[in-house]
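> Just to be clear, the model below is a prediction. Sequence and coordinates:
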Amino acid sequence: MRELIVAEFITLDGVIQAPGGAEEDTDGGFRHGGWTIPYWHDDIGAHFFAAMSQADALLLGRKTWQIHGGAFEPMAGDPFADTLNNVQKYVVSRTLKTASAWRNSTLISDGVVDRVRALKSQPGKNILLDGSSVLAHTLAEHDLVDEYSLHVYPLALGGGKRLFPEGKRLDLKLVECSSLPTGVVFQRYRRAG
């Protein structure tokens, strides 16, 4: 059975919204986009490539898929972009009519919980999710997440889209933890029990 790994950049107060740029996601009047930039360290990229080497699919919500696809689809020859462009992607959306804007993408427009269960039951490597706060909540609510791979940043933003759904208890166990010179802490948690 394949595992579903949620990989996120996250603040101390649980915010995952717009880590990469000022205009990335301004929903709700969010004005703190790009909060990860001052904390970059090459180990963050190394963690991504390690996770991708154990995965053969990305599962993304519409907004994250559009942001990633818009950035990486036109790029060629960049190891990060090539990795994302070539992997199989599943985009969850009720509004998209097609997933043709980013190569190797398949649209999931209904029955997301059952479709994800079916994907997990297929042979293959891990399935990775990043960003996609609404989808992450749905997957957590239905106990479909096997692991949280988190880069925890040393700041609190006071508001924004959060990783964990309100009112849902998740019992997790820490399986890896290391700190980076920039103050970011890499943590991996798996379901307890």
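Perfect, thanks for sending it. Numbering: from 1, shown residues only.
> Give me the most central residue, this structure.
Nearest to the mean C-alpha position of the chain, by Cα atoms, centre = their mean, lies residue 130 at 0.6 Å.
> what residues are up against the residue nearest to that residue when sequence neighbours are not counted?
Spatial nearest neighbour of residue 130, excluding adjacent residues (Cβ to Cβ, 6 or more residues apart in numbering): residue 7 at 4.9 Å. No exception for glycine: its C-beta is placed from N, CA and C like everyone else's. Counting by Cβ atoms under 8 Å, 6 or more residues apart in numbering, residue 7 touches 48, 51, 128-130, 148-150.
> What of residue 39?
153-154, 180, 182-184.
> circling back: state the helix or strand in which the residue nearest to residue 130 lies.
Per DSSP states H and E: residue 7 is located in strand 4-11.
> can you give me the offset of that strand from its chain's centre?
In terms of Cα atoms, centre = their mean, to the nearest Å, the centre of strand 4-11 is set 5 Å apart from its chain centre.
> quick check: angle from the helix or strand just after it to strand 4-11?
Following strand 4-11 in sequence order, the next helix or strand is helix 42-53 (DSSP H and E). When axes from the mean of the first three to the mean of the last three Cα atoms, to 10 degrees is applied, the directions of helix 42-53 and strand 4-11 differ by 160 degrees.
> So what's the gap between helix 42-53 and the chain middle?
Counting by Cα atoms, centre = their mean, helix 42-53 is centred 13 Å from the centre of its parent chain.
> name the helices or strands packed onto that helix?
For helix 42-53, the helices and strands in contact under the criterion 3 or more Cβ pairs under 8 Å, 6 or more residues apart in numbering; DSSP states H and E are strand 4-11, helix 79-86, strand 126-129, strand 147-153, strand 185-191.
> Quick check on residue 64: phi, psi?
Dihedral pair for residue 64: phi -60, psi -40, per degrees, to the nearest 10.
> Could you count how many residues lie near it?
Applying other Cβ atoms under 10 Å, we find 24 residues neighbouring residue 64.
> Need the nearest residue in space to it, chain neighbours excluded.
Leaving aside its sequence neighbours, residue 64 sits nearest to residue 131 (Cβ to Cβ, 6+ apart; 3.4 Å).
> what's near enough to touch that neighbour?
Per Cβ under 8 Å, 6+ apart, neighbours of residue 131: 8, 16, 60-61, 63-64, 67-68.
> Return the member of these nearest to residue 173.
Each of the contacts of residue 131 was scored against residue 173 by Cβ to Cβ, and residue 8 proved nearest at 17.7 Å.
> Can you name the residues bridging to the closest one?
residue 150 (DSSP bridges).
> I'd like the contacts of residue 39 laid out as CSV, including distance to residue 123 and neighbour count.
What follows is these, written out as CSV (distance: Cβ to Cβ, whole Å; neighbours: other Cβ atoms under 10 Å):
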residue, distance to residue 123, neighbour count
153, 36, 21
154, 40, 12
180, 35, 16
182, 38, 14
183, 40, 13
184, 34, 22
